[in-house]
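1. Need a 3D model of the following:
(one chain, ligands or ions: 1)
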Amino acid sequence: MRKPVVAANWKMNGSLELCEHFARTLVRPENADVWIFPTALHLGSLTDLFRESDIGTGAQNVWCELDGAFTGEVSANMVATLGAELALVGHSERRAMFGDSDEVVARKFKKISDAGLVPVLCVGETLEERESDLAFEAVQRQLSAVEEAWDHPVYSHQAIAYEPVWAIGTGKAATAEIAQEMQALIRDHIDRRSTGESQAVRILYGGSVKATNASELIAQKDIDGFLVGGASLDVDEFNQICEAVNS
Ligand code: PEP
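-> Modelled structure (predicted):
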């Protein structure tokens, strides 16, 4: 049985005060993991605040080298040194705005994994791809790029976040049927590409998750939790999402 996860992607939001507020008021769900991805600037403080707990913390992004002349970037090893355990990779905002091609995502994925962090690989189709019936092709291409760049099993120690681009930050979440359909296709794909890991890998859904739609989405067979953006900045709403996943 896969343990569900509720993950918070704060994007370029948050403050030390928000980190402290979360540490004081987050209600840890008994039956689900909680992961928080603050900005790189706040990751050390947040990780320290949650050090005695089993709340996971992680980076929203790392560069694909470990050190060197890459002004403004941080490496996976630096994230691991803070005591954080996870890193997002391939978020659609990075793919669309910062040039994270499939090839760059694959290189980052490998560095994250080599550093002993758990990569959370974000995949998802654009509206155009969905309307052209190319949604699964797009997701499959993103998954395959990581598989091809890595020659040993990639699914044993990672999570996937299916995040349709058209649902991120738009207030228009995928319906439970659409999310379930794609997440089942992703699990089938993993089944074909791995040696028995498909039932263990956690596949999260992301895209306008709120307290009001969390229960219906989490009831789907292949939805193992959420990656929550906007709604994760409000700890009361985030607690309600955790509660929906927990029950
Ligand atoms: C995200 O950024 O990963 C995300 C899902 O954002 P939102 O919940 O705001 O749509």
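
2. Of all the residues in the chain, which one is nearest the ligand?
-> residue 229 (2.1 Å; CB to the nearest ligand atom). Every C-beta, even on glycine, is put in place using the N, C-alpha and C of the backbone.

3. confidence score at that residue?
-> As predicted, residue 229 sits at a pLDDT of 98.

4. Please apply the same query to residue 157.
-> 83.

5. quick revisit: wait, the residue of the chain closest to the ligand touches residue 13, no?
-> No: under the criterion of CB atoms under 8 Å, residue 229 makes no contact with residue 13, lying 9.1 Å away.

6. who's more crowded, these two?
-> residue 229 (23 against 14; other CB atoms under 10 Å).

7. what residues are up against the more buried one?
-> Counting by CB atoms under 8 Å, 6 or more residues apart in numbering, residue 229 makes contact with 9, 11, 168, 169, 206.

8. how near is the residue of the chain closest to the ligand to residue 207?
-> From residue 229 across to residue 207, the span is 8 Å (CB to CB, to the nearest Å).

9. One more: residue 175?
-> Taking CB to CB, one finds residue 175 at 11 Å from residue 207.

10. So for these two, which sits in the more crowded spot?
-> Neighbour comparison, residue 175 and residue 207: the larger count goes to residue 207, with 28 against 13 (by other CB under 10 Å).

11. And the pLDDT at the more buried one?
-> Residue 207 is given a pLDDT of 98.

12. which residues does residue 79 contact?
-> So residue 79 contacts 40, 43, 58, 59, 62, 87, 115, 117 (CB under 8 Å, 6+ apart).

13. List buried residues within those.
-> Neighbour counting over those (16 or more other CB atoms under 10 Å) leaves 40, 43, 58, 59, 62, 87, 115, 117 as the buried ones.
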